[in-house]
Every structure is written in C-alpha cells, then in structure tokens.
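Asks: model this:
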Amino acid sequence: MTGGPEPISTTARRALEQELADLRDERRIVAGILRDRTDVGDQADQAEQLQRASQLGRLDRRIETITERLRQADVAGPAPTDVAGVGSTVTVRFPDGSVETLQIGEVAEALDQNLVTSDSPLGRALLGHRPGDSVRFDTPDGPSSVVVESIGEQGGHG
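Replies: Model prediction:
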C-alpha cells in the first residue's frame, strides 16, 4: 500500500457496501433492544445490557471503519490498469501454463477464492508490476513465479 488513499475493486466495494448495510441493520436491532429494555432488574439483566452496549460499540467501530474505507476509495479513484496495485484485477500465468485472474485486495474474503491480499507473498510480489513482467514469490512449497498477462477490472463485473 502507498500510505495514501487506495483504490478498491468493484467486487470489493460491493462486498463492503453489503457488509455495511448488514451492520447497520444489526445495529438498529441491538439499539432497539437496548432502548426497549429500560427495566433492568437483576444482575443477569444488567449483564445482558452491558453485553449489548459492548456489541453496539463494536458495530459502531466497524461501521466507521468501512465508511472511511469507502470514502478513501472514492478519493483514490479507480484501480490502476497499467500497474498492479491494491484493487487491481491481475491475470497471471503460472509455470505449468495455467492462467488465473486474481484480485489484489486488502482483506481476504472467505468466499472469494480469487482474492489475494496485498500482504500475502503473491500479492506483495505483484504490486508495482506491469503486463509481461515475470514475478517471483515464495510459497510454502518453495519459490515460484508467475508472468503478469494483463491488469484491469474483470470484464462483466464492473
């Protein structure tokens, strides 16, 4: 990462926007329960209220983090298409000839098997490279390499 506002891919933006909507829904529910439960009686009720207040704090912090990340992405503009960076979609060819299209993101999404994080060995190695570049990186099985075929948003996803 450059230290400045980083771009974000269309797929990652959609995932963050969905998470933000889900968090806001959850926050409304938790806040409603807290508001409706003014009759705090025994210690169990008090403990439950404290737990919900803590949950509300966690939700607020995550909502703030996502909102700020989306704002920064707006400032950064679109992901680069001439050099690999955070938010880029990079098509690479492995030594065995297989070709994969990967997204370089900040945070791994459990459901997105085509996402590599910018701090993973492959993600870190791809940063700053251009189409045609051969990129070396370490894997648990030893050194490997890929050739950058192309960079840009994947067709049909943006």
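
Asks: contacts and neighbour counts: CA atoms only from here.
Replies: Noted.

Asks: burial of Glu149, as a residue count?
Replies: Glu149 sits with 17 neighbouring residues when counted by other C-alpha atoms under 10 Å.

Asks: I'd say it and Phe94 touch.
Replies: No: counting by C-alpha atoms under 8 Å, Glu149 sits too far from Phe94 to count as a contact (10.2 Å).

Asks: pairing partners for the helix or strand of the chain with the lowest mean pLDDT, with directions?
Replies: With mean pLDDT, DSSP states H and E as the measure, the helix or strand of the chain carrying the lowest mean pLDDT is strand 115-117 (a mean of 76). On the basis of DSSP bridges, the sheet neighbours of strand 115-117 come out as strand 99-105 (parallel).

Asks: can you show me the CA trace of the strand it pairs with as CSV?
Replies: As requested, the backbone C-alpha atoms of strand 99-105 are provided in CSV (Å, rounded to 0.1, in the frame of the first residue of the first chain):
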residue,chain,number,x,y,z
VAL,A,99,-3.9,-18.9,-16.1
GLU,A,100,-5.8,-17.3,-13.2
THR,A,101,-7.4,-13.9,-12.8
LEU,A,102,-6.9,-12.6,-9.3
GLN,A,103,-8.0,-9.5,-7.4
ILE,A,104,-5.4,-7.8,-5.1
GLY,A,105,-7.3,-6.7,-2.0
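
Asks: quick one: the residue nearest to Gly132 when sequence neighbours are not counted from Thr101, how far?
Replies: In this structure, Gly132 finds its nearest non-sequential neighbour in Val148, 5.4 Å apart by C-alpha to C-alpha, 6 or more residues apart in numbering. Relative to Thr101, Val148 is positioned 10 Å away (criterion: C-alpha to C-alpha, to the nearest Å).

Asks: just Gln18 next, same as before
Replies: In this view, Gln18 and Thr101 are 23 Å apart by C-alpha to C-alpha.

Asks: now Arg24
Replies: In terms of C-alpha to C-alpha, Arg24 sits 32 Å off from Thr101.

Asks: same question for Asp60.
Replies: Applying C-alpha to C-alpha, one obtains 35 Å for the distance of Asp60 from Thr101.

Asks: what is the burial count for the residue nearest to Gly132?
Replies: Val148 is flanked by 23 other residues according to other C-alpha under 10 Å.

Asks: can you confirm it is in a strand?
Replies: Yes: under the criterion used here (DSSP: H, G, I helix; E, B strand; the rest coil), Val148 sits inside a strand.

Asks: how about the helices in the chain?
Replies: Listed in chain order, the helices of the chain (DSSP state H) span 10-36, 43-76, 121-126.
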